[in-house]
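Enquirer: coordinates only, no sequence provided:
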């Protein structure tokens, strides 16, 4: 298949082309087109049932696509059995072989490749050191803690020097602190080894923390592929916006457009402002669209306090609720555009606001963005 | 693929289980002449069985003693199962294990053991004589219904424990805690929570024991003497002494049918009473 | 009274009255006594037989003058006994192998079946246990007779033993296979193993204890089995049959030794079977 070689760009590790998968009548993966670059930490993020695990398993070879192609470094591996692919997986339940020791588990793949002593032991012990379970090689797999099992599973996969490492929600069984620690370590290991990682998770923070790029999926479709920052600040649609963080959404009526700024006037100098780029089709007087702003960009001050620049959005509000979580407080304020959430860190200079207080809600021009009308969840 | 793997067992089943039972059924309808069993088909055998005074006496005795043994076995097995499930759960593995092993080992040995213990030169008599409590050995303990029941119960207890223990596993301690939390007394809990969950197991245990005891041959043969033989012994007599297979088959079929009917009736009755 | 708070661990209203604590201790003592009595009832008979098998004299009452192995010598010199031992061993061996193989295959087949059918097939195979052995015994006897296979011989008994053993084998193997995580095989394949390799390095070692346990269980069933052998073997006596025949004769002190041998054989097999199956439950 020389055609695939020609179209593969240098540095592309994995390509999905028009991949579809059905389970009975359930269309799990629809027309998946994805490119994952060599050496990147790539995550598939989405709610349960969105198709991310199925896609991973097709990459590993445990499921076969009903249509489409999967290319690994230019080679078509769509129908290649899993034991012949240069790909290794870290399973959600670790799947360590219970009747073998840690050493036996990690050496399993190498033995199959007929790697001999002393290289075998060398590579196994080195990898155990990388994942920080050195000293445990004689331990039986059944006798490890959850965190240790997780590391051994990682070592078992990585020791084979795969072209791509697949990880299927490997940290979901760990408690929060351990998970955070492992996330940092995984990122460091990936960086050190330079192996392409494809990571599946439903935890947005986890994906963002570790990944170079993230693909958000829902109902078998990829909604957006971008860096974490781009996804957060410029979500492709309402679902993506809502999935990766909390969001205030509201109706924006275009009352006027001037100098690239669209206005919604609410009287007495109160207004909501949106940046209108040249050629923005919605930026005509009378149009109504949906817009959004992140709670952490929303500012709340006592009523009447002057602040901010001319292009800021300003409108009056009444505090409807306050949730104190320690480092921050989330206020909910009733405004002319609806109930808005505002998240502010609790530093000493702020005065606590109470329910019923009159306030001024504001945010900078670029904090808000237009929600694309497609793709409601 | 699955069918291919299951096939050998199912075929074996057909050949060595269904076959023999079917043949037995057919034979029970054959006639017996000159030590041969031949056509024509007849229900004479069943008629003989129904008319036979001997059969009736034996049957009543068999059923009564089997019932008594099964009952005692369940009555003893229940608290045992309860103890290992709720009171000593940590030791339950070893205790259950012991019970299981005794189920698989020593049927005949036990029978012989009881003969040894209950016989005129046996342990009980020997010890009583030595102690001076009696002057002549008591003949009546062996070759009596008492001996038969003792040996049956001894053999049936492990059999009864299994289903009862299994059904007790369904009662999670959490259930009991919740009931206590809501104000139930111990008795109340036993009645309303445990019994409904455990009763099916008890029924199964009783059924197994009753059927096993009613069909037993060796225990009445070796410990019951002439006065306490079971139907099984009579069946063996017909086969061994007169080779009257048709009659023997008819007896066996009748026994089983009646025993199963009684078991079913008892089960239904117990369900009705504890609705 | 409202100032009183319940002690930690008590259930119910208020602190545990001292009466209740004493009651609990008494109940425990009662429970232990019951267990001891039950153990005595179940095992004392066996113990007695074993004990008297080492008795110096032929008496069957206490006290025992001394210990000796003379009965074992006598019994093992008896050609009838040795032959019976051999037959029992062969029966156990064949039952274990054939019953084991059939049962294991059936358990594997059961795994691939949709759950509706599983229940049905499982119940079908369990039926021989619920059937009174008497029926099976005379059924098999007349069956072989009618099929023209006479006179009665050992293989007929073995056929019956296999039938009795199959349900146990099936139950054990099904439990073991249900516990086996097939996802381990995915991991093996991911690491480069072919399906065959994965079977031999992962499935086989993990399932082997259950397989051994099932075979031993089948053998145990066979050795102790009496009634089917009684009706089907005629002159090909197995060990239980020899014991039965001798019981009916005069009191034979060597019988204790014979019975002990049988007991040891069955118990050993049953214990081994239980131990190997239990060890496979540790994941």
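Expert: Okay, I see it. Just so you know, these numbers come straight off a predicted model, no measurement behind them.

Enquirer: which residues of the chain score low on pLDDT?
Expert: Just so you know, I chose chain A. Low-confidence segments of chain A (pLDDT under 70): A:1-10, A:278-279, A:305-307, A:348-350, A:373-377.

Enquirer: switch to chain C, please.
Expert: In chain C (pLDDT under 70), the answer is C:1-27, C:59-63, C:152, C:250-251, C:279-283.

Enquirer: where is the longest helix in it?
Expert: If you go by DSSP state H, chain C has its longest helix at helix C:18-53.

Enquirer: which parts of the helix or strand that that one is followed by are buried?
Expert: Next along the chain after helix C:18-53, taking DSSP states H and E as the criterion, comes helix C:70-77. Neighbour-count burial for helix C:70-77 flags C:70, C:71, C:72, C:75 (criterion: 16 or more other CB atoms under 10 Å in any protein chain shown). In short, each C-beta sits where N, CA and C put it, glycine included.

Enquirer: pretty sure the third one contacts residue C:78?
Expert: It refers to residue C:72. No - in this structure, residue C:72 is not within contact of residue C:78 by CB atoms under 8 Å, at 10.9 Å.

Enquirer: what's the most distant pair in the buried residues of helix C:70-77?
Expert: Spatial extent of these (CB to CB) is set by the pair C:70 and C:75 at 9.6 Å.

Enquirer: sorry, back to before: and of the buried residues of helix C:70-77, the nearest to residue C:170?
Expert: Among these, and counting by CB to CB, the member closest to residue C:170 is residue C:75, at 36.3 Å.

Enquirer: test my guess that that closest one contacts residue C:252.
Expert: No - the criterion here is CB under 8 Å, and residue C:75 misses it with residue C:252 at 9.4 Å.

Enquirer: out of the buried residues of helix C:70-77, who's nearest chain A?
Expert: residue C:72 (41.2 Å; CB to the nearest CB).

Enquirer: nearest residue to the closest one other than its sequence neighbours?
Expert: residue C:257 (4.7 Å; CB to CB, 6 or more residues apart in numbering or on different chains).

Enquirer: distance of the one you found relative to residue A:105?
Expert: Distance, residue C:257 to residue A:105, by CB to CB, to the nearest Å: 51 Å.

Enquirer: more neighbours: these two, which one.
Expert: Neighbours per residue (other CB atoms under 10 Å in any protein chain shown) separate residue C:257 from residue A:105, with residue A:105 holding more: 28 against 25.

Enquirer: for the longest helix belonging to chain A, buried residues please.
Expert: The residue-count maximum for a helix in chain A (DSSP H) belongs to helix A:176-193. For helix A:176-193, a neighbour-count test (16+ other CB under 10 Å) marks A:179, A:182, A:183, A:186, A:187, A:189, A:190 as buried.

Enquirer: hmm, the fifth one is touching residue A:212, no?
Expert: What it means is residue A:187. No - using CB under 8 Å, residue A:187 makes no contact with residue A:212, being 9.8 Å away.

Enquirer: what is in contact with these two at once?
Expert: Residues touching both residue A:187 and residue A:212 (CB atoms under 8 Å, 6 or more residues apart in numbering or on different chains): residue A:41.

Enquirer: how about the longest helix of chain C, which residues are buried there?
Expert: C:31, C:35, C:38, C:42-43, C:45-46, C:48-53.

Enquirer: could you say which helix or strand contains the residue of the stretch 151-275 of chain B found nearest chain A?
Expert: Nearest to chain A in the stretch 151-275 of chain B, going by CB to the nearest CB, is residue B:174, at a distance of 23.3 Å. For residue B:174, the host element (DSSP H and E) is helix B:173-181.

Enquirer: does that helix reach chain C?
Expert: Yes - Helix B:173-181 reaches chain C (CB under 8 Å from any CB of the partner chain) through B:177, B:180, B:181.

Enquirer: now that helix: mean pLDDT?
Expert: For helix B:173-181, mean pLDDT is 76.

Enquirer: any idea how many residues pack against the closest residue to residue C:137 other than its chain neighbours?
Expert: Nearest residue to residue C:137 in three dimensions, chain neighbours excluded: residue C:231, at 4.0 Å (CB to CB, 6+ apart). Using other CB under 10 Å, residue C:231 is surrounded by 26 other residues.

Enquirer: residue C:231 and residue B:156: what is the separation?
Expert: Residue C:231 is 22 Å from residue B:156, by CB to CB.

Enquirer: a markdown table please, covering the buried residues of helix C:18-53 and showing distance to chain A.
Expert: Converted to a markdown table, these look like this (distance: CB to the nearest CB, whole Å):
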| residue | distance to chain A |
| --- | --- |
| C:31 | 34 |
| C:35 | 33 |
| C:38 | 35 |
| C:42 | 35 |
| C:43 | 35 |
| C:45 | 41 |
| C:46 | 37 |
| C:48 | 43 |
| C:49 | 41 |
| C:50 | 38 |
| C:51 | 42 |
| C:52 | 45 |
| C:53 | 41 |
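
Enquirer: any idea which of the residues you listed is closest to chain B?
Expert: Of these, the one sitting nearest to chain B (CB to the nearest CB) turns out to be residue C:45, at 3.5 Å.

Enquirer: hmm, that closest one is touching residue B:118, no?
Expert: No - look at residue C:45 against residue B:118 with CB under 8 Å: they stay out of range, at 9.8 Å.

Enquirer: burial count for the residue of chain B found nearest chain A?
Expert: Per CB to the nearest CB, residue B:93 is where chain B lies closest to chain A, at 18.3 Å. Residue B:93 has 11 neighbours, counted by other CB under 10 Å.
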